[in-house]
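Asks: A structural model of the following input is requested.
(chains A and B)
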Amino acid sequence: MSKLKVERLGGIGGFGGNMSHLRSVGEVDLAKISDEDKKIIEALFELHKNSGESLNRDNFRYRITRKTAAGTESIEAEEDKVPTVIKQCVKDEIV
Amino acid sequence: MEKETNHCTHHHGECHCFIIPVKILKKFSKDKKLSAKARKGFADAARFETEWRKAREVKSLVTASAQKMLPSGLTKVPSKAPVVSVFDCKQHTTLPGTPISNPGSSTDPTSKRTFKETTSLAQFYKTVFGRNSIDNAGMALISSIHYSVKYNNAFWNGDQMTYGDGDGNIFVDFTKSDDVVGHEITHGVTQHTLGLAYHDEPGGLNESISDVFGSMFRQWEAGQDVAHADWLIGKEIMGPGAISRGYTCLRDLSNPAASHCLSPQPTNFSQYRNGMDPHSSSGIPNFAFYKAAMAIGGKSWIILGKIWYKSVTGFGPSPNMTMKQFANRTRSVAGSLFRTRPAIKKAVDKAWLDVGL
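Replies: Alright, predicted model coming up:
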């Protein structure tokens, strides 16, 4: 898959919650980002299973979804762990 | 903005402080497929991570040691008002940003407001609950404002508060609601007391405690009793795009499921599911607090606030506490603090039963 789907979640407003009217979604075209950003995103998927809980509260989290040969894979990462290209691809809106 | 290639250098602009294990940072630093500049960035990041972790460990040890070394007869560090500092991120994301020398008299209204509300919140905790700042030992209250660009959020990062300016459409400046300032600082209080986790039931409790104390702070500042309070979270941060669509707040403790909330919440524990965002499940204990407050009447912080405060701060850490356990603790504390007024315990008990706990 050449594109990652991204959704911004949480924050003090509770973006993306079941009953929330706040949504923030976007896409990242992997063909258009740097090798460094690709490496960081790859590391996020690699580390996902071992990530411990931080002390951040009300921080945004990013759900990143990709398609691989094994199927669709999603992870959630805290804002301070994702590259700018992920943070900047989403658009906040009221739905 | 300049294209980013460094990965943990605090240069003027985006800060890339990834919490990636040192071993992977080191692996990237030797990856020949990456540019020399990128490899250097990862090597710097690995060094920074190592030093930063050491610094945090030292900080924890110093705090623990200081509490053991109090002069005899003292049970806590002598009371002194906490230092209140405000930093300007200038639309970047490096924390804490540039210090503002006299934030209380700054020409920047956000700085002035942040200083005023943070100072007021410290007074609220001191005068109402006898608490000296976030850690009850005079911890400096550090706030960063103008974080990032059109940033629709405010957060607590384990050490300090951070506020965005809002995008000007859905949200405006996050320092504009005093309950938001109270909410963020209370995350620090919870961290230093119950130490609640941030997922499932303890996560919902964690969020609720911040909403409850944020709302009480708002009422205390306005001198309002429970009947005159609006019980809203985030009223003043609603932007024109939200207001024009009928949204008046993020959440409403008096009616968590209301259609005027940008993020309506469940009102009964029967609606709770594991994995819910804490900002959603917090509606259940929020509603219990509101119901108990209305049954008791008067000013929320005088009776019910003391029950909630004692339940949060009086029993040591309990990171995995369930909502039912917290509910039972408030019942017990209500009984012990107000032994001669059984109606208070009855009001607390009924409020929890009404929300399914």
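Asks: Which residue is the nearest non-sequential neighbour of the residue of the stretch 201-350 of chain B found nearest chain A?
Replies: With CB to the nearest CB as the measure, the residue in the stretch 201-350 of chain B that lies nearest chain A is residue B:279; the distance is 3.1 Å. (Each C-beta comes from the backbone N, C-alpha and C, glycine too.) Setting aside the residues directly before and after it, residue B:279 is nearest to residue A:14 in space (CB to CB, 6 or more residues apart in numbering or on different chains), at 3.1 Å.
Asks: Partner strands of the longest strand belonging to chain B and their direction?
Replies: Assignment by DSSP state E gives strand B:141-147 as the longest strand of chain B. Strands adjacent to strand B:141-147 in the sheet, as given by DSSP bridges, are strand B:84-88 (parallel), strand B:161-164 (parallel).
Asks: Reformat those strands as JSON lines; add distance to residue B:275 and mean pLDDT.
Replies: What follows is those, written out as JSON lines (distance: least, CB to CB, whole Å; pLDDT from 0 to 100):
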{"stretch": "strand B:84-88", "distance to residue B:275": "35", "mean pLDDT": "98"}
{"stretch": "strand B:161-164", "distance to residue B:275": "26", "mean pLDDT": "98"}
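Asks: Could you say which one of the ones you listed comes nearest to residue A:65?
Replies: strand B:161-164 (25.5 Å; CB to CB).
Asks: what helix or strand does the residue lying closest to residue B:131 once chain neighbours are set aside sit in?
Replies: Leaving aside its sequence neighbours, residue B:131 sits nearest to residue B:125 (CB to CB, 6+ apart; 4.2 Å). Under DSSP states H and E, the secondary-structure element containing residue B:125 is helix B:109-129.
Asks: Let me know the angle separating that helix from strand B:84-88.
Replies: With axes from the mean of the first three to the mean of the last three CA atoms, to 10 degrees applied, the angle from helix B:109-129 to strand B:84-88 works out at 150 degrees.
Asks: In helix B:109-129, which of the residues would be classed as buried?
Replies: Applying a neighbour-count criterion of 16 or more other CB atoms under 10 Å in any protein chain shown, the buried positions in helix B:109-129 are B:110-122, B:124-125, B:128-129.
Asks: mind saving the C-alpha coords of that helix as PDB?
Replies: Once side chains and other backbone atoms are set aside, the C-alpha atoms of helix B:109-129 remain, and they are given as PDB (Å, rounded to 0.1, in the frame of the first residue of the first chain):
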ATOM      1  CA  PRO B 109      -3.400  38.500  27.100                       C
ATOM      2  CA  THR B 110      -2.800  34.700  26.900                       C
ATOM      3  CA  SER B 111       0.300  35.100  29.100                       C
ATOM      4  CA  LYS B 112      -1.500  37.300  31.600                       C
ATOM      5  CA  ARG B 113      -4.500  35.000  31.800                       C
ATOM      6  CA  THR B 114      -2.400  31.800  32.200                       C
ATOM      7  CA  PHE B 115      -0.400  33.400  35.000                       C
ATOM      8  CA  LYS B 116      -3.600  34.700  36.700                       C
ATOM      9  CA  GLU B 117      -5.600  31.400  36.400                       C
ATOM     10  CA  THR B 118      -2.600  29.200  37.400                       C
ATOM     11  CA  THR B 119      -1.900  31.400  40.500                       C
ATOM     12  CA  SER B 120      -5.600  31.300  41.300                       C
ATOM     13  CA  LEU B 121      -5.700  27.500  41.000                       C
ATOM     14  CA  ALA B 122      -2.800  27.200  43.400                       C
ATOM     15  CA  GLN B 123      -4.800  29.300  45.900                       C
ATOM     16  CA  PHE B 124      -7.900  27.200  45.300                       C
ATOM     17  CA  TYR B 125      -6.000  24.000  46.200                       C
ATOM     18  CA  LYS B 126      -4.300  25.700  49.100                       C
ATOM     19  CA  THR B 127      -7.200  27.500  50.700                       C
ATOM     20  CA  VAL B 128      -9.900  24.800  50.100                       C
ATOM     21  CA  PHE B 129      -7.900  21.600  50.500                       C
END
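Asks: What is the burial count for residue B:247?
Replies: One way to gauge burial is a neighbour count; for residue B:247, by other CB atoms under 10 Å in any protein chain shown, it gives 22.
Asks: Low-confidence stretches in the stretch 51-200 of chain B?
Replies: In the predicted model, the stretch 51-200 of chain B carries pLDDT under 70 at residues B:51-79.
Asks: Next, the buried residues of the longest helix along chain A.
Replies: Scanning chain A for the helix with the most residues, using DSSP state H, yields helix A:35-47. When neighbours are counted by 16+ other CB under 10 Å, the buried residues of helix A:35-47 are found to be A:36, A:37, A:38, A:39, A:40, A:41, A:43, A:44, A:47.
Asks: Can you sort out which of those residues also neighbour chain B?
Replies: Residues shared between the buried residues of helix A:35-47 and the neighbourhood of chain B are A:36, A:39, A:40, A:43, A:47 [CB under 8 Å from any CB of the partner chain].
Asks: As TSV, these with pLDDT would be great.
Replies: Shown next, in TSV, are those (pLDDT from 0 to 100):
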residue	pLDDT
A:36	93
A:39	93
A:40	92
A:43	91
A:47	81
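Asks: Closest one to chain B out of those residues, please.
Replies: Taking CB to the nearest CB as the measure, residue A:36 is the one of those closest to chain B, at 4.6 Å.
Asks: quick one: the closest one and residue B:198, what's the gap?
Replies: 29 Å (CB to CB, to the nearest Å).
Asks: Could you report the pLDDT at the nearest residue to residue B:354 once chain neighbours are set aside?
Replies: For residue B:354, the nearest residue in space outside its immediate sequence neighbours is residue B:291; the separation is 5.6 Å by CB to CB, 6+ apart. Residue B:291 is assigned 98 on the pLDDT scale.
Asks: end-to-end on stretch A:13-32?
Replies: Looking at stretch A:13-32, the gap from its leading to its trailing residue is 31 Å under the measure CA to CA, to the nearest Å.
Asks: Let me know the average pLDDT across that stretch.
Replies: Summarised as a single mean, pLDDT over stretch A:13-32 is 96.
Asks: which parts of that stretch are buried?
Replies: Using 16+ other CB under 10 Å, the residues of stretch A:13-32 that count as buried are A:13-26, A:28.
Asks: which one of the residues you listed is nearest residue A:83?
Replies: Among the buried residues of stretch A:13-32, and counting by CB to CB, the member closest to residue A:83 is residue A:28, at 9.3 Å.
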